[in-house]
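Undergrad: The sequence and its predicted three-dimensional model are supplied below.
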Amino acid sequence: MKKELKLTVNGQPYDIYVKPKTLLSEALRDHLGLTGTKRGCNSSSCGACTVVLNGMAVKSCSILALQANGGEVTTVEGLARGTELHPLQKAFLDHGSFQCGFCTSGMLMSSKALLDENPKPTKEQIKEGIDGNICRCTGYNSIIRALTAVVKGEYKEEK
Amino acid sequence: MSKYSVIGKRVHRVDGPEKVTGSAKYTFDIVLPNMLYGKVLRSPHPHAKILKIDTRKAEKLIGVKAVVTGKDTPGHKQGIWRRFPELCDEEILCRQKVRYIGDAVAAVAAIDEDTAEEALDLIEVEYEPLSAVFDPLEAIKEEAPQIHDGVDLNINITRHIEWGDVDEAFKKCDHIREDQFKCCSQAHVCMETHDAVASFDYSGKLTMWTSTQSSYYIQRLLADMLDLREGDIRVIKPPTGGGFGSKFELDSAQFCAAVLSMKLCKPVKIVLTREEEFTATKRRTPMYYFVKLGAKRDGTMLAKEVRVITEGGAYTAMGATALYLTGFFSSFPYKYPNYRYDGYRAYTNTAPTSAMRGFGAPQSTFVGESQIDMLADDLGIDPIEIRRKNGMTPNYEVPGQAYIQSCGLHQCLDEIEKHIKKRGKLPPNHGIGISAYGFMSGGIFNWFDTPYAFSAALVRINIDGKVDLFTGACDIGQGSDTTLSMICAEELGVRLEDIRIHAADTGICPADLGAWGSRETLMNGNAVKMAAADAKSQIMEFAAAKMGVNITYDLDIKDGWIHIVNRPERGVSYYDIVKEAIRGRDGNVIIGRGHYTPHRKGMISPAYSFGLQAAEVEVDPETGRYKLLNVTTAHESGTVINPIGIEGQLEGAIMMAGGFGFCEDQPMDEGKILNPSIADYKLIRSLDMPETEILEIDTYEPEGPFGAKEAGEGLTNPTAGAIGNAVYKAVGVRINDLPITPEKVFRALREKEKQGKKSK
């Protein structure tokens, strides 16, 4: 029996019906077509499905979609404003902070949640902020450099 | 001003914008109209006869559209060593027998994944369990069960490499060491699991989108297995979420999706779960190493003898190549005048072992670099010095095997020596270990039996000067789309943004062996450069005529400006000339063709990269726990085409190779992998990652495009050895079996204490 799910995703309100067992990641991908959010393990250990839910980084395979009912979700698709990339996206491009790109959406969303909460993290806090996200390609250091550059204000968000 | 306009510049990846915005469409994201979802039923037994498979209940489940078993296939066996039928030993959908926990026996297509999953539980398979064997040293005994018919003692392959007179040379040695080592397994852990969308339709043609390292291999192997013509299959590689050696053989997702789609004439998608990824795809080859090394008192190494037994798992896969390369790279990067290698690969009832980044060389480098430090210690010689004394130099021939042109090993030794000196006296329980390495830039092997050039490219110049580059190279994240676009832009003299690359789609791109063996920069790079040069020469004919230049003048293109080399201000716009050239050719667009197959370059590779790595660790002598603090690498890969790409390869390799040395392993119980999840399989995460420094050494490889060679897998070779040597320097214990876990260090420290007390 499907249940009603009200969700605001990237500023857009949605009203859909999902099975009770539908995961938030499945609702985003399969119901809303937001395939930027990836599935790496489906057991909340790799971080590829990370989204920002009500201001917090959440592995979207670790909660049911209905648990997010009434919530506000930001996915990777919500980072850029039109054609203008988010500072984190620009920094990732400049620093080569991704290769295969499959972890990148989750990595960006963990980074966003970290900087939203603490705009001036130390290097250790940056490492802690992305410790839940596995990247098999980059070795993390280029991601840490990108975040450090954003923290230093090298990438201003255009108003 | 730099010699180059594009090469060596810190450019954004050509696939960057779509990857940072989440808009890149991976196979995992593809949804087609009327698409069904597939799941694969796998054996719970390590070794068993299949007596009966009853699919009737599963077929009756609402939402199930088809159930297939081996009986629904032509019943061929496949393998990537196509020249050797006896090594093509994998049916994928087993008909008579299963050989490891995870072997596929049936597949289901249903309206969604949940229904397909439910149907798997309804398939009844009657097995007759057989006795099984898991360790290669047990598998080669007389009494061990036979895993494949006709394969005595389960010996799948043997390899022998020899030069000089090893036995005579050992007699002349002042010091000989004999040691044993054990290298563990490792999982690739690609972030995108193996997946495929197969679409067979009423035209009788099959299209497949799949996460792969070689669309051509998958096309050819599917044709073999399905009795289709190669040309009736089109394989498209969308952006791919990592490969690392796991994705260039035909896998169960691809094969089962194709079989189901052919039965239904509907698209079928199969995405392996993370657990299947760990248990039912291939993995790094575990190896037992027995090594004898002899030297003169001054550290000159005269002879090395290596015997290796590898755990093959249930099928040949790429294990034959790993067996060969671990033997060849056991001699690297040193000038052994006398060398002998004997390798044996044994079938076992475990998940098949195959290629993984470094391809046998991370194992041989861990073993070789550990032992050479032990030898240096015995002889009282500095580890840098012994490597300097024996290390390879430019224009060196590995007797009867390989010819090395560029080699910057000695500059790397100098740089790391400076780095260690600069570090000065270390705090207590800190140690810096070093490890030297080399690797190939693509293999000169054709066990696949391709009739095509190893690499090929087409360059099409459009009316507006924009360039379409067609290549079979597979960007699996390592960045070949960017590197090849840079090579094309540089050779043609246009801007990087003028290039649009179309890669790894067998329907439109030339055949290519794909991304393995660190071959793409050199081999595809040469093909792309040749194709660009071909297109350029066609443009130049028109330019020369238009400009009316003296025929002795040389013309070139740089940044879209066609000019006389000695008088760059005299020229015309490339974009204008292209328009006229195409009009002048009756509208026939300009197409440049290029290809590359290595010739007269020995038996292994056309070129080799070299380097030296230093790892610093801090060990807690109470617990054995240690931290990887810093990994500094002096590295040479010829001309650097794409500097951001190289940094990424190097740092990423440290994460993967550090994991091989430090924490990654696949323990088993009776053939069952005990840690098939990312929670239980320990990977280096951001908090464990050491500081990384790169000391780039300048070399030029004559065989490579613009002097470039590999910078991908070689970097995976040194780290485990450097860690082992660093732990020894820090606390004086030597761990000979990977991974070097805190527990092993702890036990070795206690043992050392005991021995110390006894001797007092």
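TA: Perfect, thanks for sending it.

Undergrad: Can you give me the buried ones in stretch B:391-398?
TA: The neighbour-count check on stretch B:391-398 (16 or more other CB atoms under 10 Å in any protein chain shown) flags B:391-392, B:396, B:398 as buried. In short, each C-beta sits where N, CA and C put it, glycine included.

Undergrad: what sits up against it?
TA: B:163, B:331-335, B:403-407, B:409-410, B:413, B:436, B:438, B:602, B:610 (CB atoms under 8 Å, 6 or more residues apart in numbering or on different chains).

Undergrad: mean confidence for it?
TA: Averaged across stretch B:391-398, pLDDT comes to 97.

Undergrad: just stretch B:609-619 next, same as before
TA: Rounded mean pLDDT across stretch B:609-619 is 98.

Undergrad: what's around the residue nearest to B:Glu117 when sequence neighbours are not counted, how many residues?
TA: Among residues not flanking B:Glu117 along the chain, B:Lys39 sits closest, at 5.4 Å (CB to CB, 6 or more residues apart in numbering or on different chains). B:Lys39 has 24 neighbouring residues, counting by other CB atoms under 10 Å in any protein chain shown.

Undergrad: so what's B:Lys39 up against?
TA: B:107-108, B:110, B:113, B:116-117, B:119-120, B:270.

Undergrad: in which helix or strand would I find it?
TA: B:Lys39 is part of strand B:36-42, with elements assigned from DSSP states H and E.

Undergrad: for the residue of the stretch 501-650 of chain B found nearest chain A, helix, strand, or coil?
TA: Residue of the stretch 501-650 of chain B nearest chain A, by CB to the nearest CB: B:Ile644 (3.7 Å). At B:Ile644, secondary structure determined by DSSP: H, G, I helix; E, B strand; the rest coil is helix.

Undergrad: pLDDT wise, what is A:Ala68 at?
TA: The per-residue pLDDT reported for A:Ala68 equals 98.

Undergrad: right, I mislabeled it, should have said A:Met1
TA: Note for A:Met1: predicted pLDDT of 87.

Undergrad: That one and A:Pro20 touch, don't they?
TA: Yes: between A:Met1 and A:Pro20 there is a contact under CB atoms under 8 Å: 7.5 Å.

Undergrad: Neighbours of the residue lying closest to A:Met56 once chain neighbours are set aside, how many?
TA: Nearest-residue entry for A:Met56: A:Ala113, 6.1 Å, with adjacent residues in sequence omitted and distances by CB to CB, 6+ apart. Neighbour count for A:Ala113, taken as other CB under 10 Å: 20.

Undergrad: In what element of secondary structure is A:Ala113 found?
TA: helix A:104-117.

Undergrad: do B:Gly658 as well
TA: Using DSSP H and E, B:Gly658 sits within helix B:643-662.

Undergrad: What residue, apart from its backbone neighbours, is nearest residue 115 spatially?
TA: Because you didn't say which chain, this covers chain A. A:Val150 (6.7 Å).

Undergrad: Actually, chain B is the one I wanted.
TA: B:Thr115's closest residue in space is B:Gly63 (CB to CB, 6+ apart), at 3.8 Å.

Undergrad: Report the closest residue of chain A relative to chain B.
TA: For chain A, CB to the nearest CB, closest residue to chain B: A:Gly36, 2.1 Å.

Undergrad: Once you drop chain neighbours, what's closest to that residue?
TA: In space, and not counting its chain neighbours, A:Gly36 is closest to B:Gly22: 2.1 Å by CB to CB, 6+ apart.

Undergrad: B:Thr281 contacts B:Ser211, correct?
TA: No: contact criterion CB under 8 Å: B:Thr281 and B:Ser211 do not qualify, at 11.3 Å.

Undergrad: All set, thanks.
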